[in-house]
Each structure stands twice: as structure tokens, then as C-alpha cells.
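Enquirer: Let's see this in three dimensions:
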Amino acid sequence: MAAMDGVGIVRALWAHFQSRDWAAARALLHDDASMHWPSSGEHFDDADAAIQVQRIYPEGWTIHVVSVDELKNGDVHSIVEVVHPPMRFQANSRFQIDAGRIRRREPASSLRSMALSG
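Expert: Numbers count the residues shown, from 1 in each chain. Below you'll find the model as predicted:
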């Protein structure tokens, strides 16, 4: 199997989150991967913690990938919409990829949420 580029890695992470394939998502992260969620003030300093918070989050959500693009410096930017009725969230994220796995995820800007319309 060919190695994935950064865009492929980030797309795969979101796909594994959506399918609740926690082992496959974990395999895309460095052991010391860090993730920051500014909307809740949470910060996860290792891959297992980042996966565990996804695993225990209340069910009913779906992820829709809006865009995933490589930046000039090699980082990857993604925008995803998370629908968890009655709310809809948009996550605007920047990922640092190192040696074929995610080293860091941080916000590219603030997380926005809004009530679902109609």
C-alpha cells in the first residue's frame, strides 16, 4: 500500500472518526500528538487521550468534510462540519504531519456553532 500524503492522512482521520474506527484513527497519530479544542478549553497531550475523548463523546453526530488542503509550509488545513442535532459545528483545523502521521492539530480559527435550521 502506498504511503498517504498529508491531505490523505487528514481525510482518513475524519473518515475513521465518522466510522468510529478508533484503532485506525489512532494509527494515524504520533504517540505524543497534541490536539487543542479552543471552544471547550480542552487540550490533549497524547494520542490515546485524543482518541478517548472521541470514543466517549455522546452518539448522534456525523462528520461532513468540507475541504482539506495542503498549505505552503506542508501543514494541512481542513474544514469539517459536525452535525449533532440540534447543533451544527464547524471545525477549522490545521494539522502538522511528521513522518506520515499527525503530530499536532490546532485551530485554524475559532470554532463556530449554530442551531440547525429547518
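
Enquirer: Which is the succeeding secondary structure element to the strand or helix carrying Arg55?
Expert: Under DSSP states H and E, the secondary-structure element containing Arg55 is helix 47-56. Going down the chain from helix 47-56, the next helix or strand is strand 62-70, by DSSP H and E.

Enquirer: for the helix or strand that that following strand is followed by, packing partners?
Expert: Following strand 62-70 in sequence order, the next helix or strand is strand 76-84 (DSSP H and E). When contacts are defined as 3 or more C-beta pairs under 8 Å, 6 or more residues apart in numbering; DSSP states H and E, strand 76-84 sits against helix 6-19, strand 62-70, strand 87-98. Every C-beta, even on glycine, is put in place using the N, C-alpha and C of the backbone.

Enquirer: per-stretch mean pLDDT over those, give me the minimum one.
Expert: Lowest mean pLDDT within the helices and strands packed on strand 76-84: strand 87-98, a mean of 91.

Enquirer: so what strands line up beside that strand?
Expert: Taking DSSP bridges as the criterion, strand 87-98 forms sheet pairs with strand 76-84 (antiparallel), strand 101-107 (antiparallel), strand 112-115 (antiparallel).

Enquirer: Tabulate those in CSV, adding columns for distance to Arg94 and mean neighbour count.
Expert: Putting the strands paired with strand 87-98 into CSV (distance: least, C-beta to C-beta, whole Å; neighbours: other C-beta atoms under 10 Å) gives the following:
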stretch, distance to Arg94, mean neighbour count
strand 76-84, 5, 18
strand 101-107, 5, 18
strand 112-115, 16, 10
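
Enquirer: Check those strands for me: which has the lowest mean pLDDT.
Expert: Within the strands paired with strand 87-98, confidence is poorest for strand 112-115, with a mean of 40 (mean pLDDT).

Enquirer: Neighbours of Ser40, how many?
Expert: Here the count is done by other C-beta atoms under 10 Å, and Ser40 has 9 residues near it.

Enquirer: three-state assignment of it?
Expert: Under DSSP: H, G, I helix; E, B strand; the rest coil, the three-state class of Ser40 is coil.
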